[in-house]
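Asks: Sequence first, predicted coordinates after that:
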Amino acid sequence: MKTNRREFLKAAGLSSLGIAGGAWAGWAAEGSIAGGADLPGWIKKQGQTHKQRFNMSGYRAPKIPTVRVGIIGLGQRGPAHMSAMSNIEGVDVKAMCDLRPEKAEEAKRKLAGTGHDPELYAGSAEVWKRLCERDDLDLVIITTPWYMHAEMAVYAMEHGRHVASEVPAAGTLEECWRLVETSERTRRHLMMMENYAYLEFQLLTLNLARQGFFGEVVHGEGAYNTSKMANNFSKSLYWDMWWLKQYARRKGNIYPTHGLGPVCQVMDINRGDRLDFLVSVESNDFMMRERARELAETDDFFKPFVRHDYRGNMNVTTIRTKKGRTIMLQHDAASPSPHNLIHGIYGTSGAALFDPPPPRLSVGQHEWVSQEEFEKLKEKYTPELTRKMAEISKTSGHGGSDIKICWRLIDCLHNGLPLDQDVYDAAAWSSIVPLSEWSVRNRSNSIDVPDFTAEAWVTNKRNMDINLESGGNTKMVSR
């Protein structure tokens, strides 16, 4: 079995970003899944054999008065989380890590005068393990390229740490299952930091759904559509051109959770309903290979990027839930369109639409409510979390969602509360990456979404406490 493991994973469409080699590895660990025909059978077998060790949905870990934090990855997202954590009371940023020493030093300089003095780890491919092995950390935040997330999260949980992972939390189904099994066995939280679930309008629609505004929610739409051409072809923005390599090697929706997460929260996915199966259709690539070819004419650096069969411009993935509801997801990172999350919620008595702006609500009659009526509904249904964080959110990234998600995470750990997003959410939402790729590579055939909860979704209760019925007592630092 050990001898044939790699061959089996390749045939089953599971060969891994991060499974087939150590994290921080180069091209070889970033290869595309094969999309073999055996994957549906593997999913069915895994679902039949997995037994839930412990239900992490609703789990209340012991209270942590001061959350001691380590951060792995200090490129794009790491410094943002570092800044947020340094501004929350009852947090001690004790350790930080990046492969590049200069990034670690640069991040630490930004903490000057905050009272945080983290030890730095840098300079080698597996130095992050030393951070996880410290016995004085409660929480490890992982903000590396996403094909590294699962390996690091598993290692941190194995060493007794709660984990907050950037998105997606995994790139293969094997990684999704490893996250679930490790979290259940160690009873350590794994929260995927899906910050877009904390955008003001997304929180508003979640509260509207819980208060019955939409009636029965029947359909949701989400997307991450925005031109990333300049970013992905930049030599300096992303370490080792890792995002461009993902688009060069993979198919499907490789960044699904910004659109999917808020819709899943509205639909109570994993808490009364679950994702059942999906189909994924993808256009050809009309831009990326051509751009690589143009750049290679004057810069040899880009010549290796010309040979790849890039992921298409637009991927459209349609998901059906066990209760018979539908979700449409899109991902387009090449076309010259404005940033568009869509976030459409459609029910039997109401509807909502976020993008394109302005955000809108409807109660029927083939029209959106007036701006005056929208403001009245917003005032009535804005949840307590949004109200509490209104001022500080004005100075936070991504529409204030960055600080809200960090504050909620710490507040839950302080008070021993269930986290808003648990390991089953991380696994289910991240599984769209490999599943949509399999569907695209197999003529858009349908494929089941695994039940990572082992049928506990039927009785699991809601745990995203947007009205702060418990906790809510964590303060911001006053400087």
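Replies: Arrived safely. Residues are numbered from 1 along each chain as shown.

Asks: Can you find the helix or strand of this structure with the lowest average pLDDT?
Replies: When the helices and strands of the chain are scored by mean pLDDT, DSSP states H and E, helix 5-11 comes last with a mean of 36.

Asks: Show me what the helix or strand following that one packs onto, helices and strands only.
Replies: From helix 5-11 onward toward the C-terminus, using DSSP states H and E, the following helix or strand is helix 39-49. If you count contacts as 3 or more Cβ pairs under 8 Å, 6 or more residues apart in numbering; DSSP states H and E, helix 39-49 packs onto helix 173-186, strand 447-448. C-betas here are computed from N, CA, C, even on glycine.

Asks: To residue 115, which of those lies closest?
Replies: Among the helices and strands packed on helix 39-49, helix 173-186 comes nearest to residue 115, with 30.6 Å by Cβ to Cβ.

Asks: so the closest one versus helix 39-49, what angle?
Replies: Our comparison of helix 173-186 with helix 39-49, counting by axes from the mean of the first three to the mean of the last three Cα atoms, to 10 degrees, yields an angle of 10 degrees.

Asks: buried ones in helix 173-186?
Replies: Of the residues in helix 173-186, 173-184, 186 count as buried by neighbour count, 16 or more other Cβ atoms under 10 Å.

Asks: after that helix comes which helix or strand?
Replies: Taking DSSP H and E, what comes next after helix 173-186 is strand 190-192.

Asks: Give the other helices and strands that that following strand contacts.
Replies: strand 162-165, helix 173-186, helix 423-430.

Asks: and the shortest one, which strands flank it?
Replies: The strands that strand 162-165 pairs with in its sheet are strand 139-142 (parallel), strand 190-192 (parallel) (by DSSP bridges).

Asks: and the gap between residue 127 and residue 154?
Replies: Residue 127 sits 17 Å away from residue 154 when distances are taken as Cβ to Cβ, to the nearest Å.

Asks: who are the neighbours in contact with residue 397?
Replies: residue 80 (Cβ atoms under 8 Å, 6 or more residues apart in numbering).

Asks: Quick check: pLDDT value at it.
Replies: In this prediction, residue 397 carries a pLDDT score of 95.

Asks: Check residue 175 too.
Replies: pLDDT, the model's per-residue confidence, is 97 for residue 175.

Asks: Just confirm it contacts residue 152, I think it does.
Replies: No. Checked against Cβ atoms under 8 Å, the pair residue 175 and residue 152 is beyond contact range at 10.8 Å.

Asks: Would you list the phi and psi of the residue nearest to residue 231 when sequence neighbours are not counted?
Replies: Counting by Cβ to Cβ, 6 or more residues apart in numbering, the nearest residue to residue 231 once its immediate chain neighbours are dropped is residue 237, at 5.4 Å. The phi and psi torsions at residue 237 (degrees, to the nearest 10) take the values phi -80, psi -50.

Asks: who's in contact with the residue nearest in space to the middle of the chain?
Replies: When the chain is reduced to its mean C-alpha position, the nearest residue by Cα atoms, centre = their mean turns out to be residue 167, at 2.8 Å. Contact criterion Cβ under 8 Å, 6+ apart gives 146, 192, 193, 194, 255, 257, 258, 261, 429, 430 as the residues in contact with residue 167.

Asks: What's the end-to-end length of stretch 341-353?
Replies: In terms of Cα to Cα, to the nearest Å, the two terminal residues of stretch 341-353 are separated by 10 Å.

Asks: just to revisit the earlier point, who has more neighbours, residue 127 and residue 154?
Replies: Just comparing residue 127 and residue 154: by other Cβ atoms under 10 Å the higher neighbour count belongs to residue 154, 22 against 18.

Asks: Pretty sure that one sits in a helix.
Replies: Yes. The secondary structure assignment for residue 154 places it in a helix, going by DSSP: H, G, I helix; E, B strand; the rest coil.

Asks: Just put the helices and strands packed on helix 39-49 in TSV and tack on distance to residue 318.
Replies: What follows is these, written out as TSV (distance: least, Cβ to Cβ, whole Å):
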stretch	distance to residue 318
helix 173-186	19
strand 447-448	12
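
Asks: Which of the ones you listed sits closest to residue 223?
Replies: Residue 223 lies closest, by Cβ to Cβ, to one member of the helices and strands packed on helix 39-49: strand 447-448, at 20.7 Å.

Asks: Show the residue spans covered by the helices in the stretch 201-350 of the chain.
Replies: Taking DSSP state H, counting those that start in this stretch as the criterion, the stretch 201-350 of the chain contains helices spanning 229-232, 242-249, 257-266, 288-296.

Asks: contacts for the first one?
Replies: Read that as helix 229-232. Contacts of helix 229-232 (Cβ under 8 Å, 6+ apart): 237, 238, 241, 243, 244, 247, 287, 288, 291, 333, 334, 336.

Asks: circling back to that earlier point, could you count how many residues lie near the residue nearest to residue 231?
Replies: For residue 237, the tally of surrounding residues (other Cβ under 10 Å) stands at 15.

Asks: Residue 363 now?
Replies: For residue 363, the number of neighbouring residues by other Cβ under 10 Å comes to 15.

Asks: That one reaches residue 350, doesn't it?
Replies: Yes. With contact defined as Cβ under 8 Å, residue 363 and residue 350 form a contacting pair (5.3 Å).

Asks: CSV for the strands paired with strand 162-165, including distance to residue 325?
Replies: Rendered in CSV, the data for the strands paired with strand 162-165 read as follows (distance: least, Cβ to Cβ, whole Å):
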stretch, distance to residue 325
strand 139-142, 31
strand 190-192, 22
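
Asks: Among these, single out whichever gets nearest to residue 302.
Replies: strand 139-142 (29.7 Å).

Asks: quick one: average confidence on the closest one?
Replies: Taken as a whole, strand 139-142 has a mean pLDDT of 99.

Asks: Give me the contacts around that strand.
Replies: Applying Cβ under 8 Å, 6+ apart, the external contacts of strand 139-142 come out as 67-73, 78, 81, 85, 131-132, 148-149, 152-153, 156, 161-166, 193, 409, 413.

Asks: swap the cut-off to 7 Å and go again
Replies: By Cβ atoms under 7 Å, 6 or more residues apart in numbering, the list of residues contacting strand 139-142 from outside reads 67, 69-73, 81, 132, 149, 152-153, 156, 161-166, 413.

Asks: and what of stretch 94-102?
Replies: For stretch 94-102, the external contacting residues (Cβ under 7 Å, 6+ apart) are 24, 68-74, 82, 104, 107-108, 118-123, 125, 127-128, 131, 134, 136-137.

Asks: how about residue 105, secondary structure?
Replies: In the three-state summary, residue 105 is assigned as helix, counting by three-state DSSP.

Asks: Format the contacts of residue 167 as a markdown table; extra columns: pLDDT and distance to residue 201.
Replies: What follows is the contacts of residue 167, written out as a markdown table (pLDDT from 0 to 100; distance: Cβ to Cβ, whole Å):
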| residue | pLDDT | distance to residue 201 |
| --- | --- | --- |
| 146 | 97 | 25 |
| 192 | 98 | 20 |
| 193 | 98 | 19 |
| 194 | 98 | 15 |
| 255 | 98 | 20 |
| 257 | 98 | 17 |
| 258 | 98 | 13 |
| 261 | 98 | 14 |
| 429 | 98 | 19 |
| 430 | 98 | 24 |
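
Asks: which of these lies closest to residue 423?
Replies: Of the contacts of residue 167, the one sitting nearest to residue 423 (Cβ to Cβ) turns out to be residue 192, at 8.4 Å.

Asks: which residues touch that closest one?
Replies: When contacts are counted by Cβ under 7 Å, 6+ apart, residue 192 touches 165, 167, 169, 257, 421, 425, 426, 429.
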